[in-house]
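Engineer: below are the sequence and a predicted model for it; my questions follow.
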Amino acid sequence: MKLVSYTTKNKDRIGIFHNDKIFDLEECGHGLGHKFPSRMRRFLQGGEDLMNKAKEVSQAIIEGKIASRIDDPSLKLLAPVPKPTSCRDAYAFRQHVETARRNRGVPMIPEFDQFPVFYLTNHNAIVGPGEVKLEEDHFIKLDFELESAIVIGKKGKNISVKEADSYIAGYMIMNDISARALQMEEMKLNLGPAKGKDFATSIGPWLVTTDELEEYKIETEFGNKYDLRMTAKHNGKLVSDGNMKDMNWTFAEIIERASYGVEMIPGDVIGSGTVGTGCYLELNGTSALKAKEKGEEFTPTWLSEGDTMELEIAGLGVLTNTFHKKKKVRSILAKKKNQK
């Protein structure tokens, strides 16, 4: 089942996506005697009961028993979870971490293989498919990050890796949009990413429940992996190609770590971190090293105003965003501070 959040005339709703059409979950549920909330957060709080009822509605739609669909030209897809209760982003792909460190001339850190790590990002800056408006400084080395993401579907604390997969309501694509100029200057202070990451994170286009991914599932003693190709296209040109099965830390392991001493609640979003080759920070570094070896000049690639990124994960759809500048505002890039 593919769940979406959408808006028509400024009214946010939940829908089921089937055959390129959207069916309103609340309205379709009436025919089967089911009552659903109109918004995703409350739906997720209903846990397995509401999820199972929604799957009944989805099956009725597939069988043609429910024909009503949304036919409104004002319809706009939102992030599947427009207002997550929290948003974490992990660091699960070794290839990305190792390559990025090699490109900077530093060795791989052994701690990567000892425990999964993540940071908390701004859950109030979540966006969905479509246009993303950014500030002036964001376009200085603006970057994409190709990731998968999960949504937590039930409450839990100190969750073991063996039971963690049962807490996942579904999977999505994530673009951890990054302003590298801001990120690089603040990371020198060793406090983690802040203004370089907190302005926009795109997720979507829909939330795919785990039952739809059974044929791709790889069971391991550390939780499930999925054999899903991941690609990114910049203005139609393929720039990244990886696979979700290459996560060195499973989502089950990440949930176990995240839930230690902390209650996970329905609506929490967790990103996988960047797949290998999944951002220009990594790609530029690799290309720069190759150019240096050949004695050639190298010009890095970043996203510019008006550019479009299409992130695709097999089974999860295509997440498309176009980037534009807001009205020009003052810069916050570092300036020399007058000493008192």
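Structural biologist: In hand now; what should we look at? Numbers count the residues shown, from 1 in each chain.

Engineer: make it CA atoms for all contacts and neighbour counts henceforth
Structural biologist: Fine.

Engineer: by contact count, what packs against the helix or strand harbouring Ile270?
Structural biologist: Ile270 is part of strand 268-271, with elements assigned from DSSP states H and E. In terms of contacts (3 or more Cα pairs under 8 Å, 6 or more residues apart in numbering; DSSP states H and E), strand 268-271 is packed against strand 86-90, strand 146-152.

Engineer: what strands flank it, and is each parallel or antiparallel?
Structural biologist: Strand 268-271 pairs in its sheet with strand 86-90 (parallel), strand 146-152 (antiparallel), by DSSP bridges.

Engineer: deepest of those strands, which one?
Structural biologist: Of all the strands paired with strand 268-271, strand 146-152 has the most neighbours on average by mean count of other Cα atoms under 10 Å, namely a mean of 27.

Engineer: tally of neighbours for the closest residue to Glu98 other than its chain neighbours?
Structural biologist: In space, and not counting its chain neighbours, Glu98 is closest to Met108: 5.6 Å by Cα to Cα, 6 or more residues apart in numbering. By other Cα atoms under 10 Å, 15 other residues sit near Met108.

Engineer: which of the three states applies to Met108?
Structural biologist: Secondary structure, DSSP: H, G, I helix; E, B strand; the rest coil: Met108 is coil.

Engineer: how about the strands in the stretch 201-340 of the chain?
Structural biologist: 201-208, 217-220, 223-226, 229-234, 237-243, 263-264, 268-271, 308-313, 317-325 (DSSP state E, counting those that start in this stretch).

Engineer: quick one, what contacts His96?
Structural biologist: By Cα atoms under 8 Å, 6 or more residues apart in numbering, the contact set of His96 is 274-278, 282.

Engineer: CA atoms only: put stretch 281-295 into PDB for me.
Structural biologist: The C-alpha trace of stretch 281-295 is given here as PDB (Å, rounded to 0.1, in the frame of the first residue of the first chain):
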ATOM      1  CA  LEU A 281      30.400  16.300  -1.800                       C
ATOM      2  CA  GLU A 282      31.500  12.800  -2.400                       C
ATOM      3  CA  LEU A 283      31.400  12.800  -6.200                       C
ATOM      4  CA  ASN A 284      33.300  16.100  -6.500                       C
ATOM      5  CA  GLY A 285      36.000  14.800  -4.100                       C
ATOM      6  CA  THR A 286      36.500  11.600  -6.200                       C
ATOM      7  CA  SER A 287      36.600  13.500  -9.500                       C
ATOM      8  CA  ALA A 288      39.100  16.100  -8.000                       C
ATOM      9  CA  LEU A 289      41.500  13.300  -7.000                       C
ATOM     10  CA  LYS A 290      41.300  11.700 -10.400                       C
ATOM     11  CA  ALA A 291      41.900  15.100 -12.100                       C
ATOM     12  CA  LYS A 292      44.900  15.800  -9.800                       C
ATOM     13  CA  GLU A 293      46.500  12.400 -10.700                       C
ATOM     14  CA  LYS A 294      46.200  13.400 -14.400                       C
ATOM     15  CA  GLY A 295      47.400  16.900 -13.900                       C
END
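
Engineer: pull the distance from it to the chain's centre.
Structural biologist: Distance of stretch 281-295 from its chain centroid, counting by Cα atoms, centre = their mean, to the nearest Å, is 27 Å.

Engineer: and that stretch, average pLDDT?
Structural biologist: Across stretch 281-295, the average pLDDT comes to 94.

Engineer: who touches it?
Structural biologist: Under Cα under 8 Å, 6+ apart, the answer for stretch 281-295 is 96, 99-100, 103-104, 143, 180, 277, 297-298, 300-301.

Engineer: right, and Ile173 touches Ser148 too?
Structural biologist: Yes - counting by Cα atoms under 8 Å, Ile173 does reach Ser148; the two are 4.6 Å apart.

Engineer: what do these two both touch?
Structural biologist: Residues touching both Ile173 and Ser148 by Cα under 8 Å, 6+ apart: Ile313.

Engineer: which helix or strand contains Gln95?
Structural biologist: Per DSSP H and E: helix 94-103 holds Gln95.

Engineer: show me what counts as buried in the next helix or strand after that helix.
Structural biologist: Heading C-terminal from helix 94-103, the first helix or strand you meet, by DSSP H and E, is strand 118-120. Buried residues in strand 118-120, defined by neighbour count with 16 or more other Cα atoms under 10 Å: Phe118.

Engineer: now the spatially most central residue of the chain: closest residue in space that isn't a chain neighbour?
Structural biologist: The residue lying closest to the centre of the chain (Cα atoms, centre = their mean) is Met174, at 1.8 Å. Spatial nearest neighbour of Met174, excluding adjacent residues (Cα to Cα, 6+ apart): Ile203 at 4.5 Å.

Engineer: and what of Phe43?
Structural biologist: In space, and not counting its chain neighbours, Phe43 is closest to Pro37: 5.7 Å by Cα to Cα, 6+ apart.

Engineer: what of Pro116?
Structural biologist: Using Cα to Cα, 6+ apart, the closest residue to Pro116 is Ile254 (5.9 Å).

Engineer: contacting residues for the one you found?
Structural biologist: 90, 116-117.

Engineer: was I right about Lys217 contacting Leu228?
Structural biologist: No - using Cα under 8 Å, Lys217 makes no contact with Leu228, being 9.0 Å away.

Engineer: so what sits against both of those two?
Structural biologist: Contacts common to Lys217 and Leu228, judged by Cα under 8 Å, 6+ apart, are absent.
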